[in-house]
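> 3D, please:
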Amino acid sequence: MNLAKEIVKRLLEKEEVSREVVDQTKRNVCKKYGVNCPPNTDLIEAYKNMGVKDKRLEAVLRLRPVRSLSGVVNVSVLTKPHKCPGDCLYCPIQEGAPKSYLDDEPAVMRAKLNDFDPEKQVKNRINSLTRTGHPTDKVELRIVGETWSYYDKDYREEFIKSCFESLNGKKAETLKKAQEDNEKAKRKMVTLSIETRPDYIDKKEISHLRKLGVTMVEIGVQSVFNDVLKKNKRGHEVKETVKATKLLKDAGFKVCYQIMPDLPGSTFKKDIEMMELIFKDDRFKPDFLKIYPCMVLKEAPLYELYKKGEYEPYTTDELIDLLSKIKKEIPYWVRIQRVIRDIPSQYVVAGGGTSNLREKLHEKAEKEGWRCKCIRCREVKDNYDPEEELKFFKEEYEASGGKEMVLTFENKKRTKLFSLLRMRIPADPYPEVLKNSTIIREIHTYGQQTMIKNGEVLKTSPQHKGLGKRLVKRAEELAPTKKITVISGVGARGYWRKNGYKLEDSYMVKNRTPDSYTS
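Here you go, the predicted structure:
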């Protein structure tokens, strides 16, 4: 650690710091002593033990900075292996892991090391992120595994309670108390998402999800064609997806579709048609999208069809062509979370393209001169210029019987997204607290503060610049109802209280005077 401390001392004396400067300084010091260079985790630990504060150095030492460039870190927690209600052709089954998950996937390995204990999983993941220099005061907790809604309620409630307790650093007698503790905790849960099947979403499940504090739901849609769903033994039809989407949106949840192109029974033309339907047909229109191209795995029933020559997946070029066509037409109000499932290559017999699919898509777009308009591709990340003019944009569209409105601050060309607010006038609001109100379903300011020279702010971020408050004000001005409700993450409730909102039945609510809104 003395070696790491000496390197850090030299870095603190530098007028400018970059990754290149860090690497060169490490080489110089280690050459002097004839030893190997220490990892950045050692430098981060030495820096913290020295009790100094230099944001520019913190930003440069941070490993894989993209994990917290949106100002929030993502923590995934895996549920225990459990009986799954599905019998899908493409889904792998492996003893000791939840169905559809495999031993060597990072989330599975972490879960097994912690005996699938949610509290331990959260704690160890937070510790890992902290060691690599990431701020962990705002956490997006993502619960993955088998169909969440198929586990019994006691298990689900205890699971969520344990996650809150891990972030809070203390036990609580009840789930509600653990949530209350998190409002004042150092590490706040600002988003909580689960994944489930569309045929398990009804009003009863909506109520339970809100009791847990869930704000986002990923639903395994896979296809919007009944014949494809039937051939793949999915166990539900498109009507269940339509119903689930409407119920979730009318309750304020952010909705993510998991889509699987290249399924048996589909075609290139049909997959293109599916994507067009998803974003043009008012019955669908999710807020987020995960694209998981079908893969042939020995652990899945589909492998037998592949061996018999009854299924042939797309080539990598065909898949890149398909995804390019999708990304060219994606609306501004959608975030494409992923374009491939992170399954270890040793399991993949065929299909799925290549592990660096997103990079190849970016290369193709650059070569052909087009840009994806999705939220992820436009997030400002660390490319913030304080001199750049910010412009206000408003996107409106009909979806699931209601009216959606997305408010953003972006640059003039709409290539950099700084802040976003998503709100809805529901068709059939449920629960009762949402009656006669406009629902704010999401608010997010992107980017993270970076410092470059002499501890002075040369390049800041949109964070803490009041952009979120300005969007909230615009939303309140544009909302046609007296009442506004927010599906707030538990850890974000304090933010809404500062803006005049009060907690009511798990939502943050504000009732305005008649002269403060347009009826």
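> off-centre distance for the helix or strand containing residue 142?
Secondary structure assignment for residue 142, by DSSP states H and E: strand 138-144. Chain-centre distance of strand 138-144: 8 Å, with C-alpha atoms, centre = their mean, to the nearest Å.
> packing partners for it?
Here strand 138-144 touches strand 73-78, helix 153-168, strand 188-196, going by 3 or more C-beta pairs under 8 Å, 6 or more residues apart in numbering; DSSP states H and E. All C-beta spots, glycine's among them, are computed from the backbone N, C-alpha and C.
> dump the ones you listed into CSV; add mean neighbour count as well.
Listed next are the helices and strands packed on strand 138-144 as CSV, based on neighbours: other C-beta atoms under 10 Å:
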stretch, mean neighbour count
strand 73-78, 21
helix 153-168, 20
strand 188-196, 23
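> in CSV: those, plus distance to residue 316 and mean pLDDT.
As requested, the helices and strands packed on strand 138-144 are arranged in CSV below (distance: least, C-beta to C-beta, whole Å; pLDDT from 0 to 100):
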stretch, distance to residue 316, mean pLDDT
strand 73-78, 27, 93
helix 153-168, 38, 98
strand 188-196, 27, 97
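> now distance to residue 299 too, for these, in CSV please.
Listed next are these as CSV, based on distance: least, C-beta to C-beta, whole Å:
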stretch, distance to residue 299
strand 73-78, 17
helix 153-168, 25
strand 188-196, 19
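> I'd like to know which of the ones you listed is closest to residue 384.
strand 73-78 (18.9 Å; C-beta to C-beta).
> and the closest one, what does it pack onto?
Applying 3+ C-beta pairs under 8 Å, 6+ apart, we find strand 73-78 packed against helix 106-113, helix 118-131, strand 138-144.
> how about those, which one is nearest residue 316?
Nearest of the helices and strands packed on strand 73-78 to residue 316, taken as C-beta to C-beta: helix 106-113 at 23.2 Å.
> got the angle for that closest one vs strand 73-78?
Counting by axes from the mean of the first three to the mean of the last three C-alpha atoms, to 10 degrees, helix 106-113 lies at 60 degrees to strand 73-78.
> quick one: mean pLDDT for helix 106-113?
For helix 106-113, the mean per-residue pLDDT is 88.
> ok, back up a step: what strands flank the strand holding residue 142, and is each parallel or antiparallel?
Sheet pairing for strand 138-144, assigned by DSSP bridges, gives strand 73-78 (parallel), strand 188-196 (parallel).
> one step back: deepest-packed of the helices and strands packed on strand 73-78, please.
strand 138-144 (a mean of 22; mean count of other C-beta atoms under 10 Å).
> what about that one, average pLDDT?
Across strand 138-144, pLDDT averages out at 96.
> for residue 157, which non-adjacent residue is spatially closest?
Spatial nearest neighbour of residue 157, chain neighbours left out: residue 175 (5.4 Å); criterion: C-beta to C-beta, 6 or more residues apart in numbering.
> okay, now that neighbour: neighbour count?
By other C-beta atoms under 10 Å, the residues close to residue 175 number 20.
> tell me the pLDDT of it.
Looking at residue 175, its pLDDT reads 98.
> from residue 311, how far out is residue 506?
45 Å (C-beta to C-beta, to the nearest Å).
> one more: residue 278?
Separation of residue 278 from residue 311 (C-beta to C-beta): 23 Å.
> got the domain boundaries for this protein?
Annotated domains of the chain cover 2-61, 67-196, 220-377, 391-516 [automatic domain parsing].
> how about these in JSON lines, adding distance to residue 209?
Listed next are the domains of the chain as JSON lines, based on distance: least, C-beta to C-beta, whole Å:
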{"stretch": "domain 2-61", "distance to residue 209": "36"}
{"stretch": "domain 67-196", "distance to residue 209": "7"}
{"stretch": "domain 220-377", "distance to residue 209": "7"}
{"stretch": "domain 391-516", "distance to residue 209": "10"}
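> which stretch among those comes nearest residue 212?
Closest to residue 212 of these is domain 67-196 (C-beta to C-beta; 4.8 Å).
> so which residues of the stretch 351-500 of the chain form strands?
391-399, 402-410, 417-425, 437-445, 483-486 (DSSP state E, counting those that start in this stretch).
> for the fourth one, packing partners?
By that I understand strand 437-445. Judged by 3+ C-beta pairs under 8 Å, 6+ apart, strand 437-445 is in contact with strand 417-425, helix 467-478, strand 483-486.
> figure out which of those is closest to residue 328.
Residue 328 lies closest to strand 417-425 among the helices and strands packed on strand 437-445, at 18.1 Å (C-beta to C-beta).
> who does the closest one touch, helix- and strand-wise?
Judged by 3+ C-beta pairs under 8 Å, 6+ apart, strand 417-425 is in contact with helix 375-378, strand 402-410, strand 437-445, helix 467-478.
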